[in-house]
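coordinates only, no sequence provided:
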């Protein structure tokens, strides 16, 4: 059975409100088209590739 790797990436801060997220990347067997929006609504990333980004809130922003 195939396994798909996961990687920890650098933390990302929302340019709009300052919320801080940890980011992981998971490889997938097929292309994933998706996006991530901050809790304030700011688009932080969109992708269409054989992997996906997973965001976990570390610290709330100021808005």
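In hand now; what should we look at? Model, not experiment: these values are computed from the prediction.

list the buried residues for stretch 55-63?
55, 61 (16 or more other CB atoms under 10 Å). Heads up, the C-betas are built off the backbone N, CA and C, glycines and all.

what does it contact?
Outside stretch 55-63, the residues within contact range by CB atoms under 8 Å, 6 or more residues apart in numbering are 11-12, 14, 16-24, 36, 38-40, 44.

can you check stretch 26-39 too?
Contacts for stretch 26-39 (CB under 8 Å, 6+ apart): 2, 4-7, 14, 16-17, 19, 21, 43-55, 57, 60-61.

so which of those sit within strands?
Of the positions in these, 6-7, 21, 43-55, 57 sit in strands, assigned by DSSP state E.

pull out the buried members of those residues.
Here, 16+ other CB under 10 Å leaves 21, 44, 52-53, 55 buried among these.

got TSV for those residues, with distance to residue 28 and pLDDT too?
Shown next, in TSV, are those (distance: CB to CB, whole Å; pLDDT from 0 to 100):
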residue	distance to residue 28	pLDDT
21	20	98
44	19	96
52	6	93
53	11	95
55	16	97
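
now render the residues you listed as TSV, adding distance to residue 29.
Converted to TSV, these look like this (distance: CB to CB, whole Å):
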residue	distance to residue 29
21	25
44	25
52	12
53	17
55	22
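
measure residue 22 to residue 30 for me?
Distance from residue 22 to residue 30, counting by CB to CB, to the nearest Å: 25 Å.

compare these two (neighbour count), which wins?
Higher neighbour count among residue 22 and residue 30: residue 22, with 14 against 5, using other CB atoms under 10 Å.

that one pairs with what?
Note on residue 22: beta-bridge partners by DSSP bridges are residue 56.

residue contacts, it?
8, 11, 55-56, 58.
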